[in-house]
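In: Here you go, sequence then predicted model.
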Amino acid sequence: MKEYIAYCGLDCEACEARAATAANDDALRDRVAKLWSELNGVEITREMINCTGCRVSGVKTPYCGSLCPIRRCAMSRG
Ligand code: SF4
């Protein structure tokens, strides 16, 4: 569904952070946090793995919610 395509082109429907949030699955949150920590070289905690999707209302991961320059640009320009 188009509303789940992020401003950057990522498919939020395929995102495991969104899946963990939708299912309130802490085991999946832990797996995603471990993987994303390794991939990004920063500590990402279980508590950060909460997101409903880039372009829909609700909670976001710290990166997609406030750090992503593409999302900030798109939202500032409507
Ligand atoms: S906005 Fe949320 S659901 Fe979409 S890619 Fe980012 S973390 Fe995943």
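Out: Nice, I can see it.
In: Show me what counts as buried in the host helix or strand of A27.
Out: Using DSSP states H and E, A27 falls within helix 26-40. Judged by neighbour count (16 or more other Cβ atoms under 10 Å), helix 26-40 contains these buried residues: 28-29, 32-33, 36. Any C-beta I mention is one placed from the backbone N, CA and C, and that applies to glycine too.
In: Could you list every helix and strand in contact with that helix?
Out: Applying 3 or more Cβ pairs under 8 Å, 6 or more residues apart in numbering; DSSP states H and E, one finds that helix 26-40 contacts helix 16-23.
In: Setting aside sequence neighbours, what's the nearest residue to T61?
Out: Setting aside the residues directly before and after it, T61 is nearest to C51 in space (Cβ to Cβ, 6 or more residues apart in numbering), at 4.6 Å.
In: Near the ligand, which residues of this structure are found?
Out: Remark: the part of the chain in contact with the ligand comprises 6, 10, 12, 15, 17-18, 51, 53-54, 60-61, 64, using Cβ under 6 Å from any ligand atom.
In: rerun at 8 Å
Out: 4, 6, 8, 10-12, 15-18, 21, 51-55, 60-61, 63-65, 68, 71 (Cβ under 8 Å from any ligand atom).
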